[in-house]
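> This is a predicted model, with the sequence first.
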Amino acid sequence: MAAELAGKKIIFIVGGPGSGKGTQCERIVAKYGYCHLSSGDLLRAEVASGSERGQELQEIMKRGELVPLETVLAMIRDKMLANTDAKGFLIDGYPREVDQGKQFESSIAPATSVLYLDVATETMVQRLIKRGQTSGRADDNEETIRARLNTFEKATAPVVDYYKQQGKLYEIERAVAESSPDEVFAKVCLLFDKL
Ligand SMILES: Nc1ncnc2c1ncn2[C@@H]1O[C@H](COP(=O)(O)OP(=O)(O)O)[C@@H](O)[C@H]1O
Ligand SMILES: Nc1ncnc2c1ncn2[C@H]1C[C@H](O)[C@@H](COP(=O)(O)OP(=O)(O)O)O1
Ligand SMILES: [Mg+2]
């Protein structure tokens, strides 16, 4: 447990690639003032640094696979400890497997809540193909998108059940998660207004 983070709200933002995690986090930050930490953004920053480790991470991400737990957990922990004045943290894109959640909660702090965006696979594919037209991301091409969705089904979907069992899951059901960003955010606010 990191003492400097005691009492801070920590929300895991979980959902498939293209489910809208980043879009909703931007709105949550604007309205509630949380610190937004995107695991993908932290990894892409390492890639952009040109480091050897960044090159290794890029290769893994281009295959749509998960990078090593220790790597992404350490990046998130360092960023949280560099922002201890934040009122709360949005951990976007983490955990992506159950063990990541366990390791985070035993070594940093328990999650207050887990926000899950449930979006159909084909909807995510279409959104990411469109995003890929402007994102410049090496993993927003159809082949990698399919690989990432497969990784999500196999490794990350169990995270949803794990936190549902614990009563910590706040699910944005498909009918809402596939509507407009504004309608999704209206449902997201019902969670954050209570925290
Ligand atoms: N509710 C929504 N309806 C339609 N498109 C959306 C919605 N939310 C996000 N998008 C678009 O889908 C793509 C993926 O959104 P993003 O927030 O990056 O998701 P994630 O971080 O889960 O990959 C982006 O191009 C975004 O503009
Ligand atoms: N918690 C995590 N564990 C392992 N790999 C991760 C990770 N978070 C991100 N990655 C790697 C694999 C993802 O396909 C890639 C991009 O992540 P992302 O930016 O969160 O994707 P998206 O926002 O499209 O869902 O980075
Ligand atoms: Mg994202």
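Yes, it's here. Ligands and ions are numbered 1, 2, ... in the order given.

> Per-residue confidence, the residue nearest to Thr151 when sequence neighbours are not counted, what does it come out as?
Sequence neighbours aside, Gly64 is the residue nearest to Thr151 in space, at 5.5 Å (criterion: CB to CB, 6 or more residues apart in numbering). In short, each C-beta sits where N, CA and C put it, glycine included. Gly64 carries a pLDDT score of 97 in this model.

> list the contacts for Gly64?
With contact set as CB atoms under 8 Å, 6 or more residues apart in numbering, Gly64 has these partners: 139, 144-151.

> Which single one of those residues is nearest to Glu122?
The closest of the contacts of Gly64 to Glu122 turns out to be Leu149 (CB to CB; 9.6 Å).

> looking at it, the closest one is touching Pro17, isn't it?
Yes. Leu149 lies in contact with Pro17 (CB atoms under 8 Å); the separation is 6.4 Å.

> which residues are common contacts for these two?
Residues touching both Leu149 and Pro17 (CB under 8 Å, 6+ apart) are Met124.

> Between the two, which is the more surrounded one?
Neighbour comparison, Leu149 and Pro17: the larger count goes to Pro17, with 25 against 20 (by other CB atoms under 10 Å).

> my guess is the more buried one is in a helix, correct?
No. According to DSSP: H, G, I helix; E, B strand; the rest coil, Pro17 belongs to no helix; its state is coil.
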